[in-house]
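S.K.: pasting the sequence and the predicted model now:
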Amino acid sequence: MRKLFLLLFLGFYSSVALTQQAPCSSEEHRQFDFWVGEWEVKNPNDQVVGSSKIELASNNCALLENWTNARGLGGKSLNYYSILDQKWHQKWIGANGIPIEFSGTYNKERKALEYSGEGVGQGGIPLLNKLTFFHLTDDHVRQLWEQSTDDGKTWNTVFDGHYRRKK
């Protein structure tokens, strides 16, 4: 009897699992998939500044970035869409050990994922951050990171990277 119950339970569970949508398969979860791949990264002067490998992780619920700059130093980011607040989040940690956190949304009109965040600069100065990923083509993504030290009145470019898909 116990075996029969177990077989019935497993059969029921399998049929229910097959009819439910897979986690993280919504349109929102797939908005940043344009960044998945292996990339050579150049600055606006066409100089190589690094390389990056972005892969889906955690049952396709996150994007994991593996960044290496031209000097061989690296960093990683974890990007994910949260159903709790309906926003994208990025957690970054680089070779300097300073974590940065962003949250934002996908802008369909601009074809861009737009992040923002707050931080603290040298001497304890409050920083505002904007981080935008522009989906220019399937083989070209632009990442623009800007910072403000005057509460958003002016912005300085920290990083302007053009990601070109490796063939």
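M.R.: Yep, that arrived. Predicted model, so just to flag it, every value in this text is computed and none were measured. Numbers count the residues shown, from 1 in each chain.
S.K.: can you report phi and psi for residue 29?
M.R.: The phi/psi pair for residue 29 (degrees, to the nearest 10) reads phi -60, psi -20.
S.K.: contacts only, for the nearest residue to it once chain neighbours are set aside.
M.R.: Using CB to CB, 6 or more residues apart in numbering and skipping residues adjacent in sequence, the residue nearest residue 29 is residue 81, 4.9 Å away. Glycine gets a C-beta too; all of them are placed from N, C-alpha and C. Counting by CB atoms under 8 Å, 6 or more residues apart in numbering, residue 81 touches 24, 26, 28, 29, 31, 32, 87, 88, 89.
S.K.: where does residue 81 fall, secondary structure wise?
M.R.: Element membership for residue 81 (DSSP states H and E) is strand 74-82.
S.K.: which of the contacts of residue 81 sit farthest apart?
M.R.: Largest separation among the contacts of residue 81 by CB to CB: 26 and 89, giving 15.6 Å.
S.K.: and these two? Which one has more around it.
M.R.: Applying other CB atoms under 10 Å to residue 26 and residue 89 shows that residue 89 carries more neighbours, namely 19 against 12.
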